[in-house]
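A.B. asks: Below: sequence and its predicted model.
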Amino acid sequence: MSLLKQTIESAGSSLERGEFSSKELTEAYLKQIRGLNGPLNAYLTVFEEDATQAAQRSDERRSRGESLGPLDGIPLAIKDNICVQGTRTTAGSKMLDNYVAVNDATVITKLKNVGAVILGKTNMDEFAMGSSTEHSAYGVTKNPHDLARVPGGSSGGSACAVAADLCVAALGSDTGGSIRQPASFCGLVGLKPTYGRVSRSGLIAMASSFDQIGPLAKTVKDAEILFNAIQGSDKLDQTTVEKRETRKEKRENLHGLRIGLPKQAWGDGMSDGVRTHVMEGVKILEALGAEIKEVDLPYADEALAVYYVLMPCEVSANLARFDGMRYGRREAGHSLQLTAYNLFDTYARSRGHGFGPEVRRRIMLGTYALSKGYYDAYYRQARKVRTLIRHAYEAVFREVDILVTPTAPSTAFKIGEKISDPLAMYLEDIFTVGVNVAGVPAISISCGLHEGLPVGMQIIGKIYDDASILNIANAFEKASR
Ligand code: GLN
């Protein structure tokens, strides 16, 4: 078997049988990155030396019979808003061009503790704001299925790296769809865990009440392995919870499973190709024994509006720290002309030049919505509707066990197609944001190709029931192979 084209599972068993070493595997991926990263632009930073050394240590452990489990020696990629100690972490922004992370994010500590090899950091929309990676300060990432198209975003670099065999699997972050939509565009599995299952410590915050780290992988099993490795409560993130479920029995068939198709999601908001393929996916679930019914999910139509009020408010607060003083690149004056800016000018110029247009737009929107006189009309109102949305999800999950929708309204779009129309870009999130507003888990899994481009189906689960959607996606994947 080729050293590339590996899954965590297949590479793990080859390492176990001694068919190749982690060093050989890691070097094969590094070579692939050297050859392909130029045109694809998946990675912003590659850790040639650290990765090789980590692989070597893994081989030594294995030779002593002390393997640390399924991720020991497996080469992974990490989105560039997740801190890896002592390495550059840009979050796709010029603001953090020279920022070197002072410690490991909790998810990185966990991955290092189980022996994973970190190949490098992947490209993303600036501070995770976007759906295409076109908002990165470091150039767009290409979709490996068609280089004229976007890989989705904001975790587009991670999705591209997995799909183009520049790593075995990767971590992304999802605030409104940023793991699932790129997974859909690149033909992968992407899991947005229940809010609170994975620690956000060391994740550069976008909108803290929505952000969640999760896996992008080639198979459901791989996504599950990564999720199990990174999840769990963490004293550094008070919103995390202790694991509330134990492993569920794997299910081969879906007898007794009640699947809801929210009528709000199945209107005319999607392309015909997407509708046809996701419907075929639903038929596979039905053939496995599930009962399908249309359900009502009130306020689903309002979720996008609620997200685009609350998210910018949180962005405005979270990004206030990047002022050229506490964090971020500083523009303090012209040293040649011996002129120094005053404090306000230093802030204004540092922020004005450090942030790109999309980030500036959201900071302004959020600051406006939080300002005196507007707070009640926008922020408080949106918080109320968020509660209604949560209740609507709770209610629908008394009627059915999971919900199925498309992940994105279309397949991967062309580079440049939506960049000058923010509303068109925001509509990419129409099927995914409700999940973040409600805090429930969801997975995107590929359900076929339309005109050569992957289509993603989204399976949404009950809060803390990440295991069930993984199991159901697993049964689907087996049946659709
Ligand atoms: N596309 C959405 C946005 O631009 C989601 C981003 C994300 O999940 N990080 O906000």
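C.D. replies: Right, received. Where do you want to start?

A.B. asks: Contacts only, for whatever residue of the stretch 1-150 of the chain ends up closest to the ligand.
C.D. replies: Among the residues of the stretch 1-150 of the chain, A128 lies nearest to the ligand; the distance is 3.6 Å by Cβ to the nearest ligand atom. Glycine gets a C-beta too; all of them are placed from N, C-alpha and C. A128 sits next to 81, 91-92, 154-155, 173, 175, 178, 204, 206, 211 when contact means Cβ atoms under 8 Å, 6 or more residues apart in numbering.

A.B. asks: Pull the number of nearby residues for the residue of the stretch 301-450 of the chain found nearest the ligand.
C.D. replies: For the stretch 301-450 of the chain and the ligand, the shortest gap (Cβ to the nearest ligand atom) falls at D429, measuring 4.7 Å. Neighbours of D429 under the rule other Cβ atoms under 10 Å: 25.

A.B. asks: Quick one: name whatever helix or strand follows the helix or strand hosting C160.
C.D. replies: C160 is part of helix 156-163 when elements are defined by DSSP states H and E. Of the helices and strands lying after helix 156-163 in sequence (DSSP H and E), the nearest is strand 169-174.

A.B. asks: just checking, M457 is part of a helix?
C.D. replies: No - with DSSP: H, G, I helix; E, B strand; the rest coil as the criterion, M457 is assigned strand and is not in a helix.

A.B. asks: What is the neighbour count of it?
C.D. replies: 27.

A.B. asks: Surely it is in contact with P406?
C.D. replies: Yes - using Cβ atoms under 8 Å, M457 is in contact with P406, at 6.6 Å.

A.B. asks: what's the overlap in contacts for those two?
C.D. replies: With Cβ under 8 Å, 6+ apart as the test, M457 and P406 both reach V278.

A.B. asks: near the ligand, which residues of the stretch 151-300 of the chain show up?
C.D. replies: 154, 174-178, 206 (Cβ under 6 Å from any ligand atom).

A.B. asks: Would you mind checking which of these is nearest to R17?
C.D. replies: Taking Cβ to Cβ as the measure, D174 is the one of these closest to R17, at 35.0 Å.

A.B. asks: is it true that that closest one touches L216?
C.D. replies: No - using Cβ under 8 Å, D174 is not in contact with L216, being 9.9 Å away.

A.B. asks: These two - which one has more neighbours?
C.D. replies: Set side by side, D174 and L216 show more neighbours around L216, with 33 against 29, by other Cβ under 10 Å.

A.B. asks: which bits of the stretch 351-481 of the chain sit near the ligand?
C.D. replies: So the stretch 351-481 of the chain meets the ligand at 428-429 (Cβ under 6 Å from any ligand atom).

A.B. asks: Try it again at 5 Å.
C.D. replies: Within the stretch 351-481 of the chain, the positions adjacent to the ligand are D429 by Cβ under 5 Å from any ligand atom.

A.B. asks: Of all pairs in the residues of the stretch 151-300 of the chain next to the ligand, which one spans the longest distance?
C.D. replies: Pairwise distances across those (Cβ to Cβ) peak at 12.2 Å, for the pair G177 and M206.

A.B. asks: who's more crowded, the two?
C.D. replies: G177 (32 against 26).

A.B. asks: Let's see the pLDDT reported for L15.
C.D. replies: On pLDDT, L15 comes in at 98.

A.B. asks: For it, give its distance to Q85.
C.D. replies: According to Cβ to Cβ, to the nearest Å, L15 and Q85 sit 25 Å apart.

A.B. asks: Same drill for these two, tell me which one is more crowded.
C.D. replies: Between L15 and Q85, counted using other Cβ under 10 Å, the more crowded position is L15 (23 against 15).

A.B. asks: The one helix or strand L216 maps to pairs with which strands, and in what direction?
C.D. replies: Under the criterion of DSSP H and E, L216 resides in strand 212-217. Here strand 212-217 is paired, per DSSP bridges, with strand 169-174 (antiparallel), strand 189-192 (antiparallel).

A.B. asks: so how far is it off the chain centroid?
C.D. replies: Between the centre of strand 212-217 and the centre of its chain there are 5 Å (Cα atoms, centre = their mean, to the nearest Å).

A.B. asks: What is the subsequent helix or strand relative to that strand?
C.D. replies: Following strand 212-217 in sequence, per DSSP H and E, is helix 220-230.

A.B. asks: So what's the model's average confidence on that next one?
C.D. replies: Rounded mean pLDDT across helix 220-230 is 98.

A.B. asks: Give the other helices and strands that it contacts.
C.D. replies: Secondary-structure packing of helix 220-230 (3 or more Cβ pairs under 8 Å, 6 or more residues apart in numbering; DSSP states H and E): helix 8-17, helix 106-113, strand 169-174, strand 189-192, strand 212-217, strand 442-450, helix 466-480.
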